[in-house]
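Participant: Provided below for reference: sequence and predicted model.
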Amino acid sequence: MECPIKPDESDCCNSGCNPCILDAYEEELKKFQACLLNKEKKIQSQCSNCLSPTAYSEFCLIAIIPHTTNSKLFTFQYVGSQRIQNPLQINDCKFVIYEPGQHLMLKDSMFGNAFQRAYTPLYVKGQPSNQFTVLVKCNKQGRMSKVFHRMFLGYKGLWRGPYGNYKVNYDEKNLLFISQGTGIAPFYTIICDMLNNEDCNTFLKLFSCCHPLDLFLREELYKMTANWNFTYELFVSKGDIVTVSKKYNEIVNYTRLGTENIQKYLENVKGDFKVLVCGKKNFSKSTVMSLHACAVPNDAIIVFT
């Protein structure tokens with residue numbers, strides 16, 4: 001399928017034609033983009049993955065972008081793999097392949113002690129297939145945060161993965177995502193994937209629990225509300241109206257997420273639903289307890305660990 005030719009605004013006669021040439025272009029463009037997406041997925045299925053769950057692959061840091069007060073976005077590009085015996089085979093690995101919501105493991109060391117930590121690659125529109133981007137909150141006391149703090153462009157890190165068994169179901173009726181801090185990362189990529197699927201009619205709702213200085217992916221989420229089936233709410237427990245100003249039509253709750261917020265959501269849900277939870281262990285545990293208090297069954301709850 002060829003890319004449709006974009007008509008000029010003057011090509012529209014403004015007489016109510018059906019279909020309008022401008023509307024017809026938008027429809028054909030959607031078909032073309034869907035065709036490209038299907039073609040890319042087919043190509044990926046025929047190519048080897050740059051990543052492996054059982055071996056480390058080397059990736060070079062190519063970009064560092066400040067995100068919030070205490071976080072940055074780090075972009076890595078594939079260099080090579082421990083699995084490859086012949087260097088000429090490196091060019092055969094051109095795809096970082098993972099399912100939305102899956103995570104990768106970064107390995108590093110400090111004072112001779114090796115350690116690892118999980119990070120979820122974010123959806124980035126138009127990103128080259130051999131790259132991925134992760135959101136990193138820089139905690140002063142965190143070992144891996146110290147590693148990221150000393151990283152420089154050209155730094156080479158060892159990554160393995162992907163891991164995680166969640167599979168996106170585009171036929172779900174309703175999905176509620178409840179995240180804490182950087183736990184928003186897998187949900188952001190899942191939501192983007194579902195919104196990019198023209199055949200997906202799932203109602204998507206995100207409850208993002210965050211600190212006023214770290215409203216992760218807020219600008220991206222706000223733009224995504226242009227989709228008819230996506231909304232979000234921020235729960236800022238340590239913020240106030242001065243530190244967190246609302247955007248137009250944005251819902252900001254200056255309190256912790258409570259059982260009453262979940263109950264209110266459930267009262268307005270029509271049809272089947274599932275709830276996905278991601279955050280620190282204590283957060284996930286208390287959230288599941290709140291869900292049980294709202295009579296949400298275990299088979300409708302998915303906790304990301």
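Facilitator: It's in.
Participant: just the helices in this protein please.
Facilitator: Ranges of helices within the chain are 21-46, 143-149, 184-195, 218-224, 259-267, 281-293, based on DSSP state H.
Participant: distance of the most centrally placed residue in the chain relative to H103?
Facilitator: For the chain, the residue nearest the mean C-alpha position is T189 (2.2 Å; CA atoms, centre = their mean). Here the criterion is CB to CB, to the nearest Å. By it, T189 lies 10 Å from H103. (Glycine included, C-beta is placed from N, CA and C.)
Participant: hey, what's in contact with both of the two?
Facilitator: Where contact means CB atoms under 8 Å, 6 or more residues apart in numbering, the residues bridging T189 and H103 through contact with each are T120, P121.
Participant: picking that back up, looking at the helices of the chain, which is closest to K247?
Facilitator: Ranking the helices of the chain by distance to K247, with CB to CB as the measure, places helix 218-224 first at 5.6 Å.
Participant: buried residues in the closest one?
Facilitator: R218, E220, L221, M224 (16 or more other CB atoms under 10 Å).
Participant: and Y232, bridged to which residues?
Facilitator: L206 (DSSP bridges).
Participant: count of neighbours near it?
Facilitator: 22 (other CB atoms under 10 Å).
Participant: now do the contacts for it.
Facilitator: Counting by CB under 8 Å, 6+ apart, the residues that Y232 touches are K205, L206, F207, S208, L221, M224, T225, I251.
Participant: could these go into a markdown table alongside pLDDT and distance to V269?
Facilitator: As requested, the contacts of Y232 are exported to a markdown table (pLDDT from 0 to 100; distance: CB to CB, whole Å):
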| residue | pLDDT | distance to V269 |
| --- | --- | --- |
| K205 | 98 | 9 |
| L206 | 99 | 14 |
| F207 | 99 | 13 |
| S208 | 98 | 19 |
| L221 | 98 | 20 |
| M224 | 98 | 20 |
| T225 | 98 | 18 |
| I251 | 95 | 17 |
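Participant: now, of these, which are buried?
Facilitator: Judged by neighbour count, with 16+ other CB under 10 Å as the criterion, the buried members of the contacts of Y232 are K205, L206, F207, S208, L221, M224.
Participant: how close does the second one sit to L195?
Facilitator: Separation of L206 from L195 (CB to CB): 12 Å.
Participant: what touches both of the two?
Facilitator: By CB under 8 Å, 6+ apart, the residues touching both L206 and L195 are F230.
Participant: count residues in the vicinity of the residue lying closest to M144 once chain neighbours are set aside, would you?
Facilitator: Distances taken as CB to CB, 6 or more residues apart in numbering place R117 nearest to M144, at 4.3 Å, with adjacent residues excluded. Residues lying near R117 (other CB under 10 Å) number 17.
Participant: from memory R117 sits against M110, does it?
Facilitator: No - using CB atoms under 8 Å, R117 is not in contact with M110; the gap is 12.0 Å.
Participant: in contact with the nearest residue to Y56 once chain neighbours are set aside, which residues?
Facilitator: Distances taken as CB to CB, 6+ apart place L158 nearest to Y56, at 4.0 Å, with adjacent residues excluded. Contact partners of L158, counting by CB under 8 Å, 6+ apart, are Y56, S57, E58, F59, L106, K107, D108.
Participant: list just the nearest of these to V244.
Facilitator: Nearest to V244 among the contacts of L158, with distances taken as CB to CB, is L106, at 30.8 Å.
Participant: give the bridge partners for the closest one, please.
Facilitator: With DSSP bridges applied, L106 shows beta-bridge pairing to R117, W159.
Participant: circling back: out of the helices of the chain, which one sits most buried?
Facilitator: Of the helices of the chain, the one with the most neighbours on average (mean count of other CB atoms under 10 Å) is helix 184-195, at a mean of 23.
Participant: just the pLDDT at Q46, thanks.
Facilitator: Reported pLDDT at Q46 in the predicted model: 50.
Participant: circling back: and the residue nearest to Y56, how far is that from F95?
Facilitator: From L158 to F95 the distance is 19 Å (CB to CB).
Participant: swap in T243?
Facilitator: Using CB to CB, which is the criterion applied here, T243 is 42 Å from F95.
Participant: any idea what N113 is bridged to?
Facilitator: In beta-bridge terms (that is, DSSP bridges), N113 pairs with M110.
Participant: coming back round to it: which one's more surrounded, T243 and F95?
Facilitator: When T243 is set against F95 and neighbours are counted by other CB under 10 Å, the residue ahead is F95, at 20 against 12.
Participant: the more buried one is in contact with S129, isn't it?
Facilitator: Yes - taking CB under 8 Å as the contact criterion, F95 and S129 are neighbours in contact, 4.8 Å apart.
Participant: are any of the contacts of L158 buried, and if so which?
Facilitator: Among the contacts of L158, those that count as buried by neighbour count (16+ other CB under 10 Å) are Y56, S57, E58, F59, L106, D108.
Participant: done for today, thanks.
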